[in-house]
Structure formats: C-alpha cells, structure tokens
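Visitor: sequence below, structure please.
(2 chains)
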Amino acid sequence: MKNSTNRIVFWIVVIALIVGSVSVIIYSHKSTSSADVPPVSDSDWTLGNKESDIVLIEYSDFQCPACVSYFDLLKDVVEEFDKHILFVYRHYPLDSIHKNAGFAAAAAEAAGKQGKFWKMYDKLFGNQSDWDYKSKEEAETVFADYAAEIGIDVQKFLKDLYSEEVIEKVERNRQSAVSAEIYYTPAFILNGELIQNPRTLEEFRSLIRTAIEKNT
Amino acid sequence: MKKIPNWLIWSIVIVAFAGFLDATYLTVAHFSGSELNCSILEGCNEVTASEYSKIFGIPLALMGSLYYITILILTLLHYDTGNKNVISLVPILTTIGFIFTLYLVYLQLFVINAICVYCMFSALTSTVLFVLGLFILKYRKRLK
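Guide: Reported below is the predicted structural model:
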C-alpha cells in the first residue's frame, strides 16, 4: 500500500478486529455477570449457615473431571467459612458428554431421600473413575455398593433411583441452569453473580471475604 | 510490488483468523478452569484436560493462538509492504504447524482415544494453511 493514511487505517482495522474478537471470547466466558437462577429453597441441598445472606450456589456434574478438582477445593472453602456462608449444590449433568452424570445425580438424590445426600456426594466425587464410563448396569452396582457403605437401605435406594420424583428434581435443576444461560460446569454463583471459576483456594477465599465485607 | 496473488493472501488471512479464534477460545477455557459444553462430539474435555495439552507447562491452545496470529500478521505485513522475506516465513511455519498437527491428531486418535471438536477444527485450519503455504512456494519460485 502506498498511501500512508490507508496503511494506518488498514492496521488499525486489523488490530481492532483482533482485540475485539479476543475481548468477545473472554467476555462470553464472563468474569462476573448476574445469573437468573431460582432462589434457595427447601428442596436444595445446603451446607453451612442457613441464616447467612452470603449464598454460594454451585451447578455441577458428578462426572465432570474439573468438578472433581473443585470438590476438594470446596471442602476447604465450606469448612473455613461454614459460619459465614450458605453453600448450595445443584445438579447440572451434561448428559451429552457424560452419559452417567444424570444417573449419578439421581443416586445422590436417592441417598438424600434417606438423609445421606452429602455422604453420597462424597462417594460419587471421591471415586469418579469407578463409575464414570461404566454401563448403566455396572454404575448401578457401584452406586448400590456406596449406598450400603454409607448405611442406607439399599432396596429403597434402588427404588428411589428410578423414581419420577428424583428424576424430575435433577431435571428441574438442569433446566434452571439452562434458563440462566449457564453453559459449563462447574459454575459458581455468589450472591446472584456468576463468578469466574477461582483457580485456587486463595482466590476463593478472597472472593468470599469480599462478599462478607460488602455485607457488613 | 505484490507478487503473491490477492486470493492467496486473503485465503491465508481468513483461515488463520478462524484458527486464531478457535485456539483462543480453547486458551480462555483453559485458563478459566471450566468444562467445555461440546455437544457435537464427545471428548473435548478429555483432550484439553489430558497431560498432552501442555508442553513445558505452556498450554498448547495458547501456542496455537500465537501460531495463527503470527501467520496472520506476517501475511498482512507482506500485503502492506510487499516484503518477500516476510512471506517466505509463512510456508516454513505452516509446515512446522502441519507436522505438529499430525502429531496431535495421532495423540487424539491413538493415545487419548478421544476427539475434541475444537482441536480437530484447528487441525483442519492448519492443514489448509499448509496447502496454501505450498502455493506461496510455487508463486515465489515462478517469480525468481
């Protein structure tokens, strides 16, 4: 190009296109944005302080590898802040890529009907590789073993596992994530804001501390 | 001054830009620590979370982004300045990129046993770039 003005315009357009597209990609992954998810209700599984105004909702999938790494991280977070926050776990099984995710969510719900949701949650996340790519029959055997290990009635558990109530609850959770335009797991909503997934315990701490400070 | 035909320049620019967007998406997903919701085919998380997704601690997706943006900028620089040395680098890079692509596709098919759509799209763009790079060699020879 000979004309220097043209050259400048040309390169400005090129840079703007590159910077613009990168920004769109980053923004669509969103650092924080409000997420329109249903408020906490009695049907939700919660840990921590039920009276707290600081609510951390996780939408997760028992079969997702990234969710397992957050499982460990959240244990520490919940332990540390259990007086200050309310932690809510909701199901978002990505069935298209994780064939046993919905089934595992149902297993947690079925154990929940006997008051052992969190015990089953520990079992499922803690031993993901034992059932993630198994056939449904094999996964059922594994889940029944977990049920026995956490001391619940296995027959009732197996019945509840396929009950409409359980399946519907998982589906309602999943739908609420889809309606809120959440497209990945795990997704964290802190006081109504979809936050960028913290990479470390320290990042999680500082986010929660900021929320606590805002609240006082 | 321009010795490489415009159709070739713009084909490289468009394909490199598409590859850049794809790799950047994977890079952002990598750093945000989230699972990709890939509904078309299974396996993107198996692939992008595998031990092969990094080399010396640098995510391959990031290297891919840099690779595509380098080709994009070099080609546009040639378009702007007509500099022959700049465009000569493109076939060298696309050849390296293509060899690397073959290795990554091999990993997906035979080692990880999972296919990641975004990675396969990148394999496609880098293969097309390799072919376009061959055209550059052809035109350069003709001009000499």
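
Visitor: and B:Ser126, how far from chain A?
Guide: Per C-beta to the nearest C-beta, to the nearest Å, B:Ser126 is found 19 Å from chain A. From N, CA and C alone the C-beta is placed, and that goes for glycine too.

Visitor: got the buried residues for the one helix or strand that residue maps to?
Guide: Using DSSP states H and E, the element containing B:Ser126 is helix B:117-143. By 16 or more other C-beta atoms under 10 Å in any protein chain shown, the buried positions in helix B:117-143 come out as B:117-123, B:125-130, B:132-133, B:135-136.

Visitor: how many neighbours does B:Ser11 have?
Guide: Counted with other C-beta atoms under 10 Å in any protein chain shown, the neighbours of B:Ser11 add up to 17.

Visitor: just say helix, strand or coil for it.
Guide: What DSSP: H, G, I helix; E, B strand; the rest coil gives for B:Ser11 is helix.

Visitor: got any ranges where chain B has weak pLDDT?
Guide: By pLDDT under 70, the weakly predicted segments of chain B are B:1-2, B:32-52, B:114, B:142-144.

Visitor: show me what the strand or helix carrying A:Arg209 is packed against.
Guide: In the assignment (DSSP H and E), A:Arg209 maps to helix A:201-215. Contact analysis of helix A:201-215 by 3 or more C-beta pairs under 8 Å, 6 or more residues apart in numbering or on different chains; DSSP states H and E lists strand A:54-60, helix A:65-81, strand A:85-91, strand A:187-190 as its packing neighbours.

Visitor: the first one vs chain B: in contact?
Guide: No - against chain B, strand A:54-60 shows no contacts by C-beta under 8 Å from any C-beta of the partner chain, the least distance being 9.6 Å.

Visitor: give the partner strands of that strand in its sheet and their orientations.
Guide: Strand pairing for strand A:54-60, determined by DSSP bridges: strand A:85-91 (parallel), strand A:187-190 (antiparallel).

Visitor: next, the angle from that strand to helix A:201-215.
Guide: If you take axes from the mean of the first three to the mean of the last three C-alpha atoms, to 10 degrees, strand A:54-60 sits at 140 degrees to helix A:201-215.

Visitor: how far out from the middle of the chain is the helix ranked longest in chain A?
Guide: Using DSSP state H, we find that the single longest helix of chain A is helix A:4-29. Taking C-alpha atoms, centre = their mean, to the nearest Å, the mean C-alpha location of helix A:4-29 is offset from the chain mean by 34 Å.

Visitor: just send the helices and strands packed on helix A:201-215 back as JSON lines, with mean neighbour count too.
Guide: Formatted as JSON lines, those follow (neighbours: other C-beta atoms under 10 Å in any protein chain shown):
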{"stretch": "strand A:54-60", "mean neighbour count": "24"}
{"stretch": "helix A:65-81", "mean neighbour count": "17"}
{"stretch": "strand A:85-91", "mean neighbour count": "22"}
{"stretch": "strand A:187-190", "mean neighbour count": "22"}
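
Visitor: any chance of those in TSV with distance to B:Leu72 and mean pLDDT as columns?
Guide: Below are the helices and strands packed on helix A:201-215 laid out as TSV (distance: least, C-beta to C-beta, whole Å; pLDDT from 0 to 100):
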stretch	distance to B:Leu72	mean pLDDT
strand A:54-60	37	95
helix A:65-81	31	90
strand A:85-91	42	96
strand A:187-190	33	92
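
Visitor: kindly state the domain boundaries assigned to chain A.
Guide: Here the domain parsing of chain A from automatic domain parsing is A:1-30, A:33-215.

Visitor: and B:Pro5, which of these is closest to it?
Guide: Taking C-beta to C-beta, domain A:1-30 is the member of the domains of chain A nearest to B:Pro5, at 16.2 Å.

Visitor: would you mind naming what in chain A lies close to chain B?
Guide: Applying C-beta under 8 Å from any C-beta, one finds that chain A approaches chain B through A:1, A:7, A:10-11, A:14, A:17-18, A:21-22, A:25-26, A:29, A:61, A:64-67, A:94, A:96-97, A:183-187, A:196-197, A:199.

Visitor: whichever of the residues you listed end up buried, select them in ChimeraX.
Guide: To isolate the buried members of the residues of chain A next to chain B in ChimeraX, using 16+ other C-beta under 10 Å:
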select /A:1,14,18,22,25,26,29,61,64,65,66,67,94,97,183,184,185,186,187,196,197
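
Visitor: so how far is the helix holding A:Arg209 from its chain's centroid?
Guide: Using C-alpha atoms, centre = their mean, the offset of helix A:201-215 from its chain centre is 18 Å.

Visitor: and the angle for it with helix A:65-81?
Guide: Per the same axes, to 10 degrees, the angle that helix A:201-215 makes with helix A:65-81 is 50 degrees.

Visitor: surely A:Asp36 and A:Val178 touch.
Guide: No - assessed by C-beta atoms under 8 Å, A:Asp36 is found out of contact with A:Val178, at 11.4 Å.

Visitor: now do the contacts for the residue lying closest to A:Asp132 once chain neighbours are set aside.
Guide: Closest residue to A:Asp132 in three dimensions, ignoring its sequence neighbours and counting by C-beta to C-beta, 6 or more residues apart in numbering or on different chains: A:Gln63, at 5.0 Å. A:Gln63 makes contacts with A:93-94, A:98-101, A:104, A:128, A:132, as judged by C-beta atoms under 8 Å, 6 or more residues apart in numbering or on different chains.
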